Structures are given as structure tokens and as C-alpha cells.
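Q: this one's structure only:
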């Protein structure tokens, strides 16, 4: 079973919505539950596991605490919501370092403050084999402003915020111990160590009413775009040369002999927002990005049909087309 | 740092309630958040870690799935709420056994159905070092019917539902491979493997208006009663001979040479309810227990002051008094 098969199996066992206030269950960045008829609550739960999601050898504890909050807040923001409450489960070996833990907790607290959510509960458990942290985030939104993965329409323009591939590049630099003394690559390293959730952008996009479908890029563009297309029952094509990796990604790739395109489409953990809107909304969307000081880039088009294709202009003037759906991170890939 | 110090550290960093609808943050079985002025939501998050909370050598996966739900539902029930929604994070090694996982998921699904909650989301992650499962439960209650740990008054009678020490005894029998073919001890083993959350009792007690303070017994009577007393700013004394271990606990103790009293006060994981009420409520409470077919036992008294004392009648006719506060399970005890 791979990750999608596990989730599909759980979703099939989960009871369907039955009028008890559940608006959206398994299958989006958050579950959506009615609060009072006009507002909804968004609920998400994410776990970070030592040696899978982070390496304490180079991940400072305060930044890890910040990241544990940010990756959950990102799921709230990607549906247009605002974070309100957080619960945290802390699993640590019995001989954990109290100084490490205090710095981690400080990071959690600081990030909760910055994103405007209150830490209201949780759990502490012994975890002899390594650290693990689970956070539940509860967000709020106007019921009619929530943006789902479903809703993308053929002809829509595909957009992505910020830069793609930076977290993957930063992680590889950190793992290989390359460029650590070069401040140039700081933004790549920081994207892995201390990512920011695009909660302000998500909220503005939700309020704008311009966006048909949205999610965050946590498993890589190829996988997350395929999720969005599956949920919307559409296909998509994007243009390799328009992906916003930026010169910095190319320089890092040149330094260590990597392929910047692989980072950009398969890397994951960028926590940028991926969304679709009609081409007519483009001017407004670009203006919104300028207002936030965050680049928003059109990268392709939603198509009728299914699947995700990457188009690439070749030196001979022709265009190659490659199917790339779900070629991102899968926790259980080796189990296939 | 021990478990209480970790929680206190996190609670100190957590922002205080600021009018955004938070009624109760860290420090109770659940956090409590306003829903619509009349109803509240109860939120809890618990994690189960392989080799700490369960041993797959003798824990059937379906029962483990049921338990993962029950231990969270117990926190909802112990505040008088009804479970509504669940989120689950599943951490498994990449080479996990799909048959094991399907049985586990079946148990989660069945327990959600029995307790009346919908599984609405979650996360799946690779966890190379072993299995771990985090569940968030969201429950609902009338705002004026929620019962907190605080509220116990000097002179109150202390009550506990069902039996104490059974889960600890069952676990020890399973770990030592003793009595496995003896159906007599089945109820002890089942209490560890497949505990029931007292959600119906908790809800009835909340609605009765008779109960001043309540929590579930998850870390053992000595620890959980100390939590209740600390939250209520009172002390307590209980009578060793009145603890509802039952003859079955004594027989298991005799079989393996253990002390049944240690199981009853320090064992944990019974998920029974511990609560206080005025002595005048006793008749009504006993009737409520009979109605549910569940014994409710008065075990002691709330006192002015602080601390938890165990009283024990000695053969010479005198009574011994022993301070036992917090002598239950602490995940980080060795770190003290």
C-alpha cells in the first residue's frame, strides 16, 4: 500500500457525512465543520517524525517548533481560513534534553503568537525510539469563503505563490553539508528549517472570490497538482520553464550537480499555495501578489480530462510533454 | 523534567485566554471552546506509541484501533461531552503489514461508529522506528453541563466508576504470559487491550448537575486524584479497603505474587471516571449507576488543604495514613 492507498482505505471506512454539521471530511487540506451556520471550523492534524521530517543534527529546536506549527497552519491558510487554536502532542525519549525541549517549546509558542492561534491542549508521551510531534490546528472561516481542492475548471489558469523547490534544495545542502557558510543559500536552508505558512495570502484569496480551487504544496507540485486535479475531476498541464524556482535554485543545483527541475516538481515542503482561477482574474491576482510583496506566478492551465503533463520547450524549437502526476514525495513509496 | 513539569512549561508559554472563545485551555481532560454561546466544543489529542502504550506481540490490531479511539473518547466523556468528530495521524514503518493496518483501521472505524463520532481527517507518515498513532477528538456539550477537574469542595464524597487496577493487572498477565488460557482473567486482559470509554456515564453525570469535579483515570488513581485536587485547590483522602478492585484483581495478584493495591492506585489505563459530589447526592448517584449496570463506588472524601492520603485499616484496629499524590504513571519518571 502506498500513501494514497492508505488514505483511500481509511476514507472508505470513515462514515459519510450525515447532517451532523460535517461539510467536508477526508480528502482536503482540512476537514470542514459547521460552527454556527455562517462560519465553519477547519480542522487538520499533522505529525513530524524524527529522521523522516527533521534531523536534529542541523535543525535548531526553536525552528523545528516553529515549523511544527507552520506546516499545520499552512493547511488552514490553503483553504482560506485563519488559525485559531492548536493542540500539540509531544513524544520524546525519557532522556530528552530539557534545554532542547525548552527551545522547541519556545518556537511553538512564538509561531502560535505570530499566526494568531492559541495553544490550548495536548499530550506528552515517552517515545523511546525518537522524537515525534503531532499538532492539530483549528481554524475559522466564513462558510462561503472556504476554497477546496475541488472546483478547478477546464480553462482555468494554474497559479503558484512564491518559489518552488527551495525547501528540497535547502534540505539537500544541509544534508550534504554544502554551502553552509554561504549566506547566499540561506533562503533555501531556511525554507526547509523554518517555512512560513501563506495564511495571509490564502485568506485574501478566499475573500477575493476569484479562486476556484486551492491547496498547499507540501508533497511537491507533481503530487499536489495531481491531488487537486483528481478532486476537481480535471487534468492540468504546466510549463517547466515558468516554474518559479528562481536563479537561486539554479545556482544551488549547479553547485552540487543536481537538477533544479526535480526539486521544483518533486521536492515538497515549500508550503506555497497552488490555486486556479479564470484567465480574466489574472490582473487582479497579480495586483494582490504585489500588495503582499509575494510573487504569484501563472504556471499552466487546467484541462478537461485527467492527468498532469509537464510541457518543456526544447532547444530545437519543439515542445516535449511528460506525464508527471504523483511524482512527488510518498511516505510509503518503498512499500509499493 | 518530569511529565508535569513539561506540561507546566508548555502551559506557561501558551497564551492565556483572550476572549476569542476559549473557555478552558491546558489543564483539563479537554480544552473547551465556545461554539455558539450555548454549546461548547471539547478538544483532546492523545498519542499511542509502540512499546510504550502497546506491544504488537499480544495486542491484536483491531483492538488497538478501538483503543486509540476509546482513550480519546474517554477525555470527552469525562467532561460530560459527547464525541462528534475524530482526526487520526498514522505513523508506520515503510514495510508495514497491510493486513495489520487494515485490521487496525477496521477497529478505529468500528469504535468511531459505536461512540457516535465521524472520522473526518488526519495524516499518514512514515515512522521507521515504530508505530505511532495520534488522535484528536472533538466533542460537544451544553456549555452549562461541562464538568471540569476544578470544582471539588471540601466535604464532597469521592467516587469512582467500575473497577480500578484491571488494566494494569491485565497488562502484567499479558507481558508475563501468565493466565492466557484462563478465561477467568479475560476481563482484566480486555481492559488493557480494548478499554471502554465511560461516555454514557459522563454525559449522564454532566446532565445530572450533581457532580462538582470529574476526570478519567488514565494515569492511575494516585496521580489523577492529585490532578483533580490541585485543579480544585483541595486535598483528599481515600480508603484502601473501599477501592473497587474486586475479587478478580485479588485472584490475579495471588497468581503472580503482585500487590493488588499497587495496581489499583498506580496502574492507570482503567479509563474509569473519578468524580466528586456532596454526600446528599449519594442515593441519586447509586441509582444512576444501577440504571447503567455499572457500579459507582464512594472511595473517600475531599478535604480542605492539599495532598492525597490513603487510609488503611490495620489488623490491630488502627488506621494508617500514607501520602500517595502523583504515585502513578509518569512518562518521564526516569528523567526526574
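A: Now that the structure is in, tell me what you want to look at. Keep in mind the model is a prediction, meaning the values are calculated, not measured.
Q: give me the number of residues near the residue of the stretch 151-300 of chain A found nearest chain B?
A: At 10.4 Å from chain B, residue A:218 is the closest residue in the stretch 151-300 of chain A, using C-beta to the nearest C-beta. All C-beta atoms are positioned from the backbone trio N, CA, C, and that covers glycine. The tally of other residues near residue A:218 (other C-beta atoms under 10 Å in any protein chain shown) stands at 24.
Q: Also residue A:279?
A: For residue A:279, the count of nearby residues is 11 (other C-beta under 10 Å).
Q: burial measure for the residue in the stretch 51-200 of chain A positioned nearest to chain B, as a count.
A: Closest approach between the stretch 51-200 of chain A and chain B, counting by C-beta to the nearest C-beta: residue A:129, at 3.3 Å. By other C-beta under 10 Å, the residues close to residue A:129 number 19.
Q: Repeat that for residue A:150.
A: Neighbours of residue A:150 using other C-beta under 10 Å come to 17.
Q: which SS class is it?
A: The assignment at residue A:150 comes out as coil when based on DSSP: H, G, I helix; E, B strand; the rest coil.
Q: for the closest residue to it other than its chain neighbours, what are its contacts?
A: Spatial nearest neighbour of residue A:150, chain neighbours left out: residue A:231 (4.3 Å); criterion: C-beta to C-beta, 6 or more residues apart in numbering or on different chains. The contact partners of residue A:231, by C-beta atoms under 8 Å, 6 or more residues apart in numbering or on different chains, come to A:27, A:28, A:148, A:149, A:150, A:213.
Q: State the distance from residue A:231 to residue A:31.
A: Here residue A:231 is placed at a distance of 14 Å from residue A:31 (C-beta to C-beta, to the nearest Å).
Q: How about residue A:185?
A: Distance, residue A:185 to residue A:31, by C-beta to C-beta: 37 Å.
Q: buried subset of the contacts of residue A:231?
A: Using 16 or more other C-beta atoms under 10 Å in any protein chain shown as the burial test, the contacts of residue A:231 include A:27, A:28, A:148, A:149, A:150, A:213 as buried.
Q: which of these has the weakest pLDDT?
A: Among those, residue A:27 has the lowest pLDDT, at 88.
Q: packing partners for the helix or strand of chain A with the lowest mean pLDDT?
A: Here the helix or strand of chain A ranked lowest by mean pLDDT, DSSP states H and E is helix A:3-13, holding a mean of 86. On a contact count with 3 or more C-beta pairs under 8 Å, 6 or more residues apart in numbering or on different chains; DSSP states H and E, helix A:3-13 meets strand B:82-92, helix B:98-115, strand B:118-126.
Q: Tell me who's in contact with residue A:63.
A: Neighbour list for residue A:63: A:107, A:193, A:194 [criterion: C-beta under 8 Å, 6+ apart].
Q: Out of these, who's the most crowded?
A: Neighbour counts for the contacts of residue A:63, by other C-beta under 10 Å, peak at residue A:107, which reaches 23 neighbours.
Q: residues contacting the nearest residue in space to that residue that is not next to it in sequence?
A: Leaving aside its sequence neighbours, residue A:107 sits nearest to residue A:65 (C-beta to C-beta, 6+ apart; 2.6 Å). By C-beta under 8 Å, 6+ apart, the residues touching residue A:65 are A:103, A:104, A:105, A:106, A:107, A:108, A:109, A:110, A:111.
Q: Please read off the pLDDT at the fifth one from the model.
A: For residue A:107, the pLDDT comes out at 97.
Q: these two touch, right, it and residue A:64?
A: Yes - in this structure, residue A:107 is within contact of residue A:64 by C-beta atoms under 8 Å, at 6.5 Å.
Q: which of residue A:185 and residue A:31 has more neighbours?
A: Ranked by neighbour count (other C-beta under 10 Å), residue A:185 and residue A:31 place residue A:31 first, with 28 against 22.
Q: Who are the contact partners of that one?
A: Contacts of residue A:31 were listed using C-beta under 8 Å, 6+ apart, and they are A:22, A:24, A:25, A:42, A:43, A:44, B:85, B:87, B:120, B:121.
Q: One more: residue A:142?
A: A:38, A:39, A:40, A:206.
Q: before we move on, what about residue A:110?
A: Taking C-beta under 8 Å, 6+ apart as the test, what residue A:110 contacts is A:62, A:65, A:66.
Q: Put together JSON lines for those residues, with pLDDT, secondary structure and distance to residue A:292 on each row.
A: As requested, these are arranged in JSON lines below (pLDDT from 0 to 100; DSSP: H, G, I helix; E, B strand; the rest coil; distance: C-beta to C-beta, whole Å):
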{"residue": "A:62", "pLDDT": "98", "secondary structure": "helix", "distance to residue A:292": "26"}
{"residue": "A:65", "pLDDT": "97", "secondary structure": "helix", "distance to residue A:292": "25"}
{"residue": "A:66", "pLDDT": "98", "secondary structure": "helix", "distance to residue A:292": "20"}
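Q: can you pull out the strands in chain A?
A: Under the criterion DSSP state E, chain A contains strands at A:22-24, A:31-34, A:39-49, A:82-92, A:118-126, A:132-142, A:157-161, A:213-217, A:235-239, A:272-277, A:296-303, A:308-313, A:319-323.
Q: Show me the domain layout of chain A.
A: Domains of chain A are assigned by automatic domain parsing as A:3-145, A:157-335.
Q: Would you mind finding the most buried of those domains?
A: Each of those was scored by mean neighbour count; the highest is domain A:3-145, a mean of 21, by mean count of other C-beta atoms under 10 Å in any protein chain shown.
Q: And the helices and strands packed on helix A:3-13: which comes nearest residue A:274?
A: For the helices and strands packed on helix A:3-13, the distance to residue A:274 is smallest for strand B:118-126, at 18.9 Å, taking C-beta to C-beta.
Q: and the closest one, anywhere near chain A?
A: Yes - residues of strand B:118-126 contacting chain A under C-beta under 8 Å from any C-beta of the partner chain: B:118, B:119, B:120, B:121, B:122, B:123, B:124, B:125, B:126.
Q: pLDDT value on the nearest residue to the third one once chain neighbours are set aside, please?
A: Spelled out, it's residue B:120. Distance criterion C-beta to C-beta, 6+ apart; nearest residue to residue B:120, sequence neighbours excluded, is residue A:31 at 3.8 Å. pLDDT recorded at residue A:31 is 95.
Q: who's residue A:31 bridged to?
A: With DSSP bridges as the criterion, residue A:31 is bridged to residue A:43.
Q: Same question for residue A:91.
A: Beta bridges link residue A:91 to residue A:125, residue A:132, judged by DSSP bridges.
Q: For it, list the residues it contacts.
A: Applying C-beta under 8 Å, 6+ apart, the residues near residue A:91 are A:124, A:125, A:126, A:127, A:131, A:132, A:133, A:134, B:47, B:49, B:132.
Q: does the last one really touch residue B:49, like I thought?
A: Yes - Residue B:132 sits in contact with residue B:49 when judged by C-beta under 8 Å, with a separation of 5.0 Å.
Q: Return every residue with contacts to both of those two.
A: Counting by C-beta under 8 Å, 6+ apart, the residues touching both residue B:132 and residue B:49 are A:91, A:127, A:132.
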